[in-house]
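S.K.: Return a 3D structure for these sequence lines:
(one chain, ligands or ions: 2)
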Amino acid sequence: MGLKLWTHCNVASMQAGADQPYGLMADAALVVEGERIAWVGPRSDLPAELLSRCGEQHDAQGALITPGLIDCHTHLVHGGDRAQEFEQRLNGATYEDIARAGGGIQSTVRATRSATPARLQAQAEPRLKPLLSEGVTTLEIKSGYGLALESERKMLQVARALGQEYAVDIRTTFLGAHALPTEFAGRADDYVDEVLSMLQVLHGEGLVDAVDGFCERIAFSPAQIARVFAAAQSLGLPVKLHAEQLSDSGGAQLAAQHGALSCDHLEWLSEDGACAMAAANSVAVLLPGAFYFLRETKVPPVELLRRHGVPIAISTDCNPGTSPCSSLLLMLNMACTLFRLTPEEALAGVTRHAAQALGLRDRGVLATGLRADFVLWDVQRPAQLAYGLGANPCMQTIFKGTPR
Ligand code: DI6
Ligand code: FE
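M.R.: Numbering: from 1, shown residues only. Ligands and ions are numbered 1, 2, ... in the order given. A predicted model of the protein is given here:
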């Protein structure tokens, strides 16, 4: 006794190299022991001995079961919104114009610095809840709107608090190198020194799971990012990079040299960058929400990524300036319509490859021994998950073996 059994379901295991697309198994069974998957496969193969130990039995009512969704790139904790800037852009200003004029990221920095932790959390919750309702079980949250020790700490603490209060695994990323705070205007290298010292402290407080940077002409140069990455590596922290979003700065090559888990955005990625990523086994995290919201026209080079075997993940980039988005399912659709991913690639992008982008080996596919994070969907076939616009067929989410 003590095991939990789900039957009357089709399972998309998302295992790499499975016989069927999506690792699809019709009329499957899934057995959970504690927080782990004890067995998954065609129901007819379920060992009788295991069946006899199943206490709780769940009829999935014909649902499709997939791994819990993983949103591997968000700035979900931040103060305020930037609807006003949205209006400015509709009147002709560009994202870079607004950033150079002291708006953009800086305006969110002001709102984030002045918010109490409680207020910051209260503002994050309406962004988090829709993601949870769509079956997200693992979520990355970046700092980067504090740009000073106290406020970066506040962001990371709020991110950790969300993970305590909600049934979701939160992975925190220190993004001190997101933008140059106004008090360091003209002194970018001094600010990088400050980033290194913040990293040291926040890592010491257990608030940092990974380190990110924004490598761009409106942000930090490859040489500056290289210093941040070297410091991260000396602390044993994995790195990732906002790279080649608005221009090709060679960020992907730099990140790959540091064994980056992922390079994110990548609209301007070159072939050399793609080769470097392939060699380093870095994941390409594509962010169709930001591409759409900025009305970009340069599509990330998906064919190049495929040709070089670079794994592709998809994420919301939930942030106030370029992707005020709380729907990972909508990103699946947009990855297909805007970037021409197949629905299977898109689903792998929010499961198996998103797990890889976070350096997590215990989730993202459904297999014996892995975390029992999975979602029951009211759909006949997996492609329906990427097909709908604004639909949410999630029936139930199981987080660490327990319905939430
Ligand atoms: N790239 C992005 O798309 C977000 N950050 C980044 O480095 C946008 C941040 C913002 O505009 O607030
Ligand atoms: Fe981002």
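S.K.: For the rest of this, base every contact and every neighbour count on C-alpha atoms.
M.R.: Noted.
S.K.: and residue 140, how far is that from residue 104?
M.R.: To residue 104, residue 140 is 22 Å away according to C-alpha to C-alpha, to the nearest Å.
S.K.: Please say which of the two ends up with more neighbours.
M.R.: residue 140 (23 against 20; other C-alpha atoms under 10 Å).
S.K.: My guess is that one contacts residue 71. True?
M.R.: Yes. Using C-alpha atoms under 8 Å, residue 140 is in contact with residue 71, at 6.3 Å.
S.K.: between these two, what contacts are shared?
M.R.: With C-alpha atoms under 8 Å, 6 or more residues apart in numbering applied, the contact sets of residue 140 and residue 71 do not overlap.
S.K.: and the closest residue to ligand 1 within the stretch 51-200 of the chain, how many neighbours does it have?
M.R.: Closest contact between the stretch 51-200 of the chain and ligand 1, by C-alpha to the nearest ligand atom, is at residue 105 (4.2 Å). Counted with other C-alpha under 10 Å, the neighbours of residue 105 add up to 22.
S.K.: go on, residue 204?
M.R.: Neighbours around residue 204, by other C-alpha under 10 Å: 11.
S.K.: go on, residue 218?
M.R.: 15.
S.K.: and the stretch 301-404 of the chain, which residues reach ligand 1?
M.R.: Residues of the stretch 301-404 of the chain lying close to ligand 1 by C-alpha under 6 Å from any ligand atom are 319, 320, 321, 322.
S.K.: What are the boundaries of the strands in the stretch 151-300 of the chain?
M.R.: 169-177, 210-213, 240-243, 262-265, 283-286 (DSSP state E, counting those that start in this stretch).
S.K.: Turn those into JSON lines, including mean pLDDT and distance to residue 314.
M.R.: Formatted as JSON lines, the strands of the stretch 151-300 of the chain follow (pLDDT from 0 to 100; distance: least, C-alpha to C-alpha, whole Å):
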{"stretch": "strand 169-177", "mean pLDDT": "98", "distance to residue 314": "16"}
{"stretch": "strand 210-213", "mean pLDDT": "98", "distance to residue 314": "17"}
{"stretch": "strand 240-243", "mean pLDDT": "98", "distance to residue 314": "14"}
{"stretch": "strand 262-265", "mean pLDDT": "98", "distance to residue 314": "9"}
{"stretch": "strand 283-286", "mean pLDDT": "98", "distance to residue 314": "5"}
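S.K.: Kindly state which of those strands is positioned closest to residue 274.
M.R.: Residue 274 lies closest, by C-alpha to C-alpha, to one member of the strands of the stretch 151-300 of the chain: strand 283-286, at 8.9 Å.
S.K.: So the closest one, near ligand 1 or not?
M.R.: No. Judged by C-alpha under 6 Å from any ligand atom, strand 283-286 stays clear of ligand 1, getting no closer than 10.8 Å.
S.K.: Ok, stretch 86-96 next?
M.R.: No. Counting by C-alpha under 6 Å from any ligand atom, no contacts exist between stretch 86-96 and ligand 1, the nearest distance being 7.8 Å.
S.K.: and residue 74, what is it in contact with?
M.R.: So residue 74 contacts 139, 140, 141, 142, 315, 316, 317, 318, 319 (C-alpha under 8 Å, 6+ apart).
S.K.: Skipping adjacent residues, who's closest to it in space?
M.R.: In space, and not counting its chain neighbours, residue 74 is closest to residue 317: 4.4 Å by C-alpha to C-alpha, 6 or more residues apart in numbering.
S.K.: For that neighbour, grab the count of nearby residues.
M.R.: With other C-alpha under 10 Å as criterion, residue 317 counts 30.
S.K.: Sketch out the low-pLDDT regions of the stretch 1-150 of the chain for me.
M.R.: Within the stretch 1-150 of the chain, the stretches with pLDDT under 70 are 1.
S.K.: In which helix or strand does the residue in the chain that ligand 1 sits nearest to reside?
M.R.: Proximity of the chain to ligand 1 (C-alpha to the nearest ligand atom) peaks at residue 321, 3.5 Å away. If you go by DSSP states H and E, residue 321 is not part of any helix or strand.
S.K.: Please report phi then psi for it.
M.R.: Main-chain torsions, residue 321, degrees, to the nearest 10: phi -100, psi -40.
S.K.: Does it touch residue 106 like I think?
M.R.: No. If you go by C-alpha under 8 Å, residue 321 and residue 106 don't touch, sitting 10.3 Å apart.
S.K.: ok, for residue 336, nearest residue in space, not its chain neighbours?
M.R.: Here the residue nearest residue 336, using C-alpha to C-alpha, 6+ apart, is residue 342, at 5.8 Å.
S.K.: same thing with residue 272?
M.R.: In space, residue 272 is closest to residue 253, 7.4 Å off (C-alpha to C-alpha, 6+ apart).
S.K.: List the contacts of the residue nearest in space to the middle of the chain.
M.R.: Note on the chain: the residue nearest the mean C-alpha position is residue 72, at 1.3 Å, using C-alpha atoms, centre = their mean. By C-alpha under 8 Å, 6+ apart, residue 72 lies in contact with 138, 139, 140, 314, 315, 350, 354, 355, 357, 358.
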